[in-house]
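[1] got a predicted model here, sequence first, then my questions.
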Amino acid sequence: MYQALLEIGKAVRTIFLCRYLSAEELRIEINESFNIVERINSTMSFIFYGKHGEISTNNLEDHELSLLCLHLLHHVCIVYINTLMIQEVLADTNQLLTSAKE
């Protein structure tokens with residue numbers, strides 16, 4: 001059974017590689033997804049800088065709490081950045097409207 005599952009796994013990987021090599025859309029989609037994950041990991045490591053980004057306990061509840069707090073902080077940072085960007089766009093729009101009235 002184990003050997004059969006190994007062979008099925010090899011066949012599935014081969015089929016995927018054939019699809020990956022022949023379909024440009026699939027390569028683009030996978031690359032875009034990979035880039036998104038890398039950006040998220042990069043921002044997470046920037047935010048979670050204490051103790052070199054390592055969770056220093058073996059307690060699973062503490063791990064979960066640390067990761068949940070990290071995700072919450074990440075989302076709050078994104079909301080803050082989006083707010084700053086919206087304020088900047090609104091200020092630019094307001095300046096354009098003011099100069100157009102003159």
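    All right, it came through fine. Residues are numbered from 1 along each chain as shown.

[2] counting neighbours, what do you get for Leu6?
    Neighbourhood size, Leu6 [other Cβ atoms under 10 Å]: 10. Where C-beta positions appear, they are placed from N, C-alpha and C, glycine not excepted.

[3] how far off centre is the host helix or strand of His71?
    If you go by DSSP states H and E, His71 is part of helix 60-101. Between the mean C-alpha location of helix 60-101 and the chain-wide mean there is a distance of 16 Å, by Cα atoms, centre = their mean, to the nearest Å.

[4] other SSEs contacting that helix?
    Here helix 60-101 touches helix 24-47, going by 3 or more Cβ pairs under 8 Å, 6 or more residues apart in numbering; DSSP states H and E.

[5] what does the helix it packs on contact?
    For helix 24-47, the external contacting residues (Cβ atoms under 8 Å, 6 or more residues apart in numbering) are 19-20, 53, 70, 73-74, 77.

[6] neighbours of Cys77, how many?
    Neighbour count for Cys77, taken as other Cβ under 10 Å: 13.

[7] report the central residue of the chain.
    Ile40 (3.1 Å; Cα atoms, centre = their mean).

[8] quick check: that one vs Leu26, distance?
    Distance of Ile40 to Leu26, given as Cβ to Cβ, to the nearest Å: 22 Å.

[9] just Ile8 next, same as before
    For Ile8, the distance to Leu26 equals 21 Å [Cβ to Cβ].

[10] looking at the two, which has the bigger crowd around it?
    Applying other Cβ under 10 Å to Ile8 and Leu26 shows that Leu26 carries more neighbours, namely 13 against 10.

[11] where does the prediction get shaky in this protein?
    48-54, 102 (pLDDT under 70).

[12] walk me through the domains of it.
    Domain assignment for the chain by automatic domain parsing gives 1-47, 54-102.

[13] can you give me the end-to-end span of the first one?
    The stretch domain 1-47 measures 46 Å between its terminal residues, going by Cα to Cα, to the nearest Å.
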